[in-house]
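1. Can you look at this prediction? I've put the sequence above it.
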Amino acid sequence: MSEKSRRYTAAVVDAFTNAPYSGNPAGVIILGGDPFPEDDRCIRAAAELRFSETAFVRQLGPTEFAVRYFTPVCEASLCGHATVASFTFLREKRLCGTGDMLVHTASGDIRVTVSKDGVWLDMAEAVTLKKLLGEEAKEVYRAFGLPERELEGGLSPAIVSVGLTDILLPVKDTAELAAAIQDENAVSELSRRRGVTGVHMFSLSSDGFAAHCRNFAPLYGIPEECATGTSNGALFHYLIEEGCIAPSPASFLQGEAMGRPSVIRAMREGSRIRVGGNAAAVMTGTIEV
């Protein structure tokens, strides 16, 4: 162990599921009251764990925490599934109780509500930044090998932010959703040009889920993600705004294409969008950071 490194409790936790080995796995590293390690150390630890995001959690008080999120290549300002994973693990290890927690993130302060059967977190203010029309829309479909169009079911592709920003891309049905084949270079380039994390593709549903979804963020080293809380929070906002669903709690199904089905719940509380779900820890140990 190097002079500056330390060992911390670490876990692998599957988020947005009740069952181990489904949902979206995240790394969770508990720092206690220690300061955050240097960024390059966090990135190396995240790369070693090899999940799309790893959360580093500092406890500042009984109900106050600071969390930073790292992909294998960079820092992310907020991550829904890693937050659900982290606070499920903290609850199970009795490092936090139930109720509201104040959590400081790079995206701003958020409220995380811990209960016995799930974790809910606030999104940042939901904003539809732009609807993509004409060639702007067509190039997104083209990047997935799908027929070019401007609208699908009356909906245009749109750039929406709830702290993280995504392109929301409507497709015809679950068959077209499954058939999409990503051109990673093209999606990375349009993500960079549009200033978004990635593309959240969805088809509206009437089977108990508001939509079935796939999420692609190759610009950040994530070819596809099986559960994204922030993206589904953005989608929930957009579907309410467009009159596609009522402003009542809804569930989204993601990860089918990856063999890891994940259920992300969303609700509106006042002016805030909240997302939530369950999680299951599958591995615990220590890691040197």
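-> In hand now; what should we look at?

2. Quick check: the closest residue to residue 152 other than its chain neighbours vs residue 196, distance?
-> Of all residues not flanking residue 152 in the chain, residue 170 sits nearest, at 4.1 Å (Cβ to Cβ, 6 or more residues apart in numbering). For glycine as for every other residue, the C-beta is placed from the backbone atoms N, C-alpha and C. Look at residue 170 and residue 196: by Cβ to Cβ, to the nearest Å, they are 16 Å apart.

3. which of these two has more neighbours?
-> More crowded of residue 170 and residue 196, by other Cβ atoms under 10 Å: residue 170, with 27 against 22.

4. Contacts only, for the more buried one.
-> Neighbouring residues of residue 170 by Cβ atoms under 8 Å, 6 or more residues apart in numbering: 152, 153, 155, 156, 157, 201, 202, 203, 204.

5. Please convert these to JSON lines, extending it with secondary structure.
-> Formatted as JSON lines, those follow (DSSP: H, G, I helix; E, B strand; the rest coil):
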{"residue": "152", "secondary structure": "strand"}
{"residue": "153", "secondary structure": "coil"}
{"residue": "155", "secondary structure": "strand"}
{"residue": "156", "secondary structure": "coil"}
{"residue": "157", "secondary structure": "coil"}
{"residue": "201", "secondary structure": "strand"}
{"residue": "202", "secondary structure": "strand"}
{"residue": "203", "secondary structure": "strand"}
{"residue": "204", "secondary structure": "strand"}
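
6. Pick out whichever of the residues you listed sits closest to residue 112.
-> The nearest member of the contacts of residue 170 to residue 112, counting by Cβ to Cβ, is residue 202 at 25.2 Å.

7. Now do the closest one against residue 276, distance only.
-> Where residue 276 is concerned, residue 202 sits at a distance of 19 Å (Cβ to Cβ).

8. Comparing the two, which residue is more hemmed in?
-> residue 202 (26 against 23).

9. Report pLDDT for the nearest residue to residue 287 once chain neighbours are set aside.
-> Among residues not flanking residue 287 along the chain, residue 10 sits closest, at 4.0 Å (Cβ to Cβ, 6+ apart). For residue 10, the model assigns a pLDDT of 97.

10. Ok, residue 5 next?
-> 85.

11. same check, this time on residue 38
-> Predicted confidence (pLDDT) for residue 38: 96.

12. now residue 139
-> Reported pLDDT for residue 139: 97.

13. May I have the phi/psi pair for it?
-> phi -70, psi -30 (degrees, to the nearest 10).

14. so how many other residues sit close to it?
-> 16.

15. With adjacent residues omitted, what lies nearest to it?
-> residue 190 (6.3 Å).

16. What are the buried residues along stretch 173-181?
-> Buried residues in stretch 173-181, counted by 16 or more other Cβ atoms under 10 Å: 174, 176, 177, 180.

17. Report the contact partners of the last one.
-> It refers to residue 180. So residue 180 contacts 144, 145, 146, 171, 201, 214 (Cβ under 8 Å, 6+ apart).

18. Helix, strand, or coil at the nearest residue to the second one once chain neighbours are set aside?
-> Nearest in space to residue 145, with sequence neighbours left out and distances taken as Cβ to Cβ, 6+ apart, is residue 181 at 4.6 Å. Look at residue 181: counting by three-state DSSP, its state is coil.

19. Check the one 5 residues further on too.
-> Counting by three-state DSSP, the backbone at residue 186 sits in helix.

20. what's the neighbour count on it?
-> 16.
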